[in-house]
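*Asks:* Pasting the sequence and the predicted coordinates here, then a few questions.
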Amino acid sequence: GAVVSQHPSRVICKSGTSVKIECRSLDFQATTMFWYRQFPKQSLMLMATSNEGSKATYEQGVEKDKFLINHASLTLSTLTVTSAHPEDSSFYICSARAPQGTGGRVFGPGTRLTVL
Amino acid sequence: SQQGEEDPQALSIQEGENATMNCSYKTSINNLQWYRQNSGRGLVHLILIRSNEREKHSGRLRVTLDTSKKSSSLLITASRAADTASYFCATGKGAQKLVFGQGTRLTINP
């Protein structure tokens, strides 16, 4: 079946640094990918919709200058958390539409970001 | 804002029993989907039910949808320890973003 991978799976960084998270669709093309953030024991909150070859669409309240999204190819979207602070510590998950058009989504395994 | 609200927030049952989780939503939808998330992992798509469907089965899963009440339920029959996870409903309209409910944390006790 369709698989979405994320890298890294876990990252610890110092406050003020930038962190890049990669989301790849394996063996299928994803013109659109979605980035979510999930705090402990909470639901997924959509941050932005990443569109290949065009600008990302951000949800209300999400700072586009802080969470930079680049979707340069049909299989890769990246999320860069710039000048990370402890409150950005969270679980970041990307997803893409399943290629068989069933309407479901394929999710990556997530990236655990801890900002010290 | 979150679309789906799930009930209960947490459910603990014995292995072999059935587990029922409910989801309510607020606006019109094209479809409703259920996902499972094991602790610290990504989500796995379980089942999608379209707005013109009332019930759908997949293995030990049974999903119902009542658009007049804007609610859905997920039934897991003959539960197993491996079913321990968080379960989320998500609603979609069109081909775009999904909005997730708060989730139900299901614990199956051996």
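*Replies:* In hand now; what should we look at?
*Asks:* drop to CA atoms for contacts and neighbour counts, all remaining ones
*Replies:* Will do.
*Asks:* I'd assumed B:Leu65 was in contact with B:Ser73.
*Replies:* Yes. The criterion here is C-alpha atoms under 8 Å, and B:Ser73 meets it with B:Leu65 at 6.8 Å.
*Asks:* quick one: contacts for the closest residue to B:Leu75 other than its chain neighbours?
*Replies:* The shortest distance from B:Leu75 to any non-neighbouring residue, by C-alpha to C-alpha, 6 or more residues apart in numbering or on different chains, is to B:Thr20 (4.5 Å). Listed by C-alpha atoms under 8 Å, 6 or more residues apart in numbering or on different chains, the contact set of B:Thr20 reads B:Ser73, B:Leu74, B:Leu75, B:Ile76.
*Asks:* Number of residues surrounding the residue of chain A found nearest chain B?
*Replies:* Residue of chain A nearest chain B, by C-alpha to the nearest C-alpha: A:Pro109 (4.1 Å). For A:Pro109, the neighbour count with other C-alpha atoms under 10 Å in any protein chain shown is 25.
*Asks:* So it is in contact with B:Gly42, correct?
*Replies:* Yes. Between A:Pro109 and B:Gly42 a contact is recorded at 4.1 Å, counting by C-alpha under 8 Å.
*Asks:* Could you tell me which residues touch both of these two?
*Replies:* Contacts common to A:Pro109 and B:Gly42, judged by C-alpha under 8 Å, 6+ apart, are A:Ile93.
*Asks:* And B:Leu46, how close does it get to chain A?
*Replies:* Distance, B:Leu46 to chain A, by C-alpha to the nearest C-alpha, to the nearest Å: 9 Å.
*Asks:* State the number of residues packed around that residue.
*Replies:* Per other C-alpha under 10 Å, the neighbour tally for B:Leu46 reads 17.
*Asks:* and if you look at B:Ser58?
*Replies:* Neighbours around B:Ser58, by other C-alpha under 10 Å: 10.
*Asks:* contacting residues around A:Gly110?
*Replies:* A:Gly110 touches A:Gln6, A:Ser9, A:Phe91, A:Tyr92, A:Ile93, A:Cys94, B:Gly40, B:Arg41, B:Gly42, counting by C-alpha under 8 Å, 6+ apart.
*Asks:* Of the residues you listed, keep whichever come out buried.
*Replies:* Buried by 16 or more other C-alpha atoms under 10 Å in any protein chain shown: A:Gln6, A:Ser9, A:Phe91, A:Tyr92, A:Ile93, A:Cys94, B:Arg41, B:Gly42, out of the contacts of A:Gly110.
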